[in-house]
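model this:
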Amino acid sequence: MNAIGIANMFGVVIPWGWIVLGATISFVGIMWWRIRELTSKSTPSLQIYDAPYYEEREIHNTAKPYQVFGKPVFAFVKFCNKPKIKVPEANAKGVIAEIAFYDNNGNERLSLKPDTVRFSDSAQPPYRDRSSPKHLYHEIEFNANGYPHELTIAMKYEEDESCYGFSDSSYSFPDWRKIDYKLDGRELYVKVNLSGENTSGEWWFNLCNKGINNSIELNVIPAPNFDKVASRI
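Numbers count the residues shown, from 1 in each chain. Below you'll find the model as predicted:
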């Protein structure tokens, strides 16, 4: 070692300036890689919270809360945000949902847009503050804590042959049976898209309608190949 630099194994003297520069570049590179790794882990990660489920719920007259209109079965799925690192930067903000229903041939039967799709977190339309911006009832913040948010997919009365898509618009119709949302058939495919600030995701489900005197069932599936689906019918 001398004042000029350090001699390597070949006896060549490497100047101190080059050594410092090399060490600085290595340090910056390591720090950049580490920051990049942490950044990738601190982004939102939307996912299904647990298995979809269906549940019978009472429909009440908003003018007479104790008057029950009916007891349809609803199909729900819960989503959550589980990033690798739970920091505020990993919160998924302004998340909206879009739901589309398809038949076995891949034909779209119904599309529920973000301004009508409802998360159960939001107040039901009859109880909302009409002075509030509408989008506030359709955008959800998924905090980076894994807390689930319930999304309503479909509805069926056991005495009916068909089931119905469900959204905020359903509340304007008797017994919440919106005729434009009527879905015939025993098997349907459902695509759910979630999108928000710095996040998006797509999930597929099979919606099984068991007909009169039965309910509906919702199951997670891979994205369907409709050519194969149609060929097995």
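
domains for the protein, by residue range?
The chain breaks down by automatic domain parsing into domains covering 5-40, 46-231.

pull the contacting residues for the most centrally placed residue in the chain.
A centroid search over the chain (Cα atoms, centre = their mean) returns Leu194, at 4.2 Å, as the residue closest to the centre. Neighbouring residues of Leu194 by Cβ atoms under 8 Å, 6 or more residues apart in numbering: 46, 79, 95-97, 200-203. For the C-beta atoms, the positions are set from N, CA and C on the backbone; glycine is no exception.

looking at these, which is nearest Pro133?
Ile96 (13.5 Å; Cβ to Cβ).

what helix or strand is that closest one located in?
strand 92-102 (DSSP states H and E).

ok now that strand, how far from the chain's centre?
In terms of Cα atoms, centre = their mean, to the nearest Å, the centre of strand 92-102 is found 6 Å from the chain centre.

state the next helix or strand along the chain beyond it.
strand 108-112.

export that following strand as PDB, just CAs?
The C-alpha coordinates for strand 108-112 follow below in PDB (Å, rounded to 0.1, in the frame of the first residue of the first chain):
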ATOM      1  CA  GLU A 108     -71.500 -11.400 -23.500                       C
ATOM      2  CA  ARG A 109     -74.900 -11.500 -21.900                       C
ATOM      3  CA  LEU A 110     -74.600  -8.600 -19.500                       C
ATOM      4  CA  SER A 111     -72.100  -6.000 -18.500                       C
ATOM      5  CA  LEU A 112     -72.300  -4.100 -15.200                       C
END
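
relative orientation of it and strand 92-102 in degrees?
150 degrees (axes from the mean of the first three to the mean of the last three Cα atoms, to 10 degrees).

strand partners of strand 108-112, parallel vs antiparallel please.
Using DSSP bridges, the strands paired with strand 108-112 are strand 92-102 (antiparallel).

which parts of the strand it pairs with are buried?
If you call a residue buried by 16 or more other Cβ atoms under 10 Å, then strand 92-102 has these buried ones: 92, 95-102.

returning to what we had before: mind putting the domains of the chain into CSV with mean pLDDT?
CSV is the format used below for these (pLDDT from 0 to 100):
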stretch, mean pLDDT
domain 5-40, 54
domain 46-231, 89
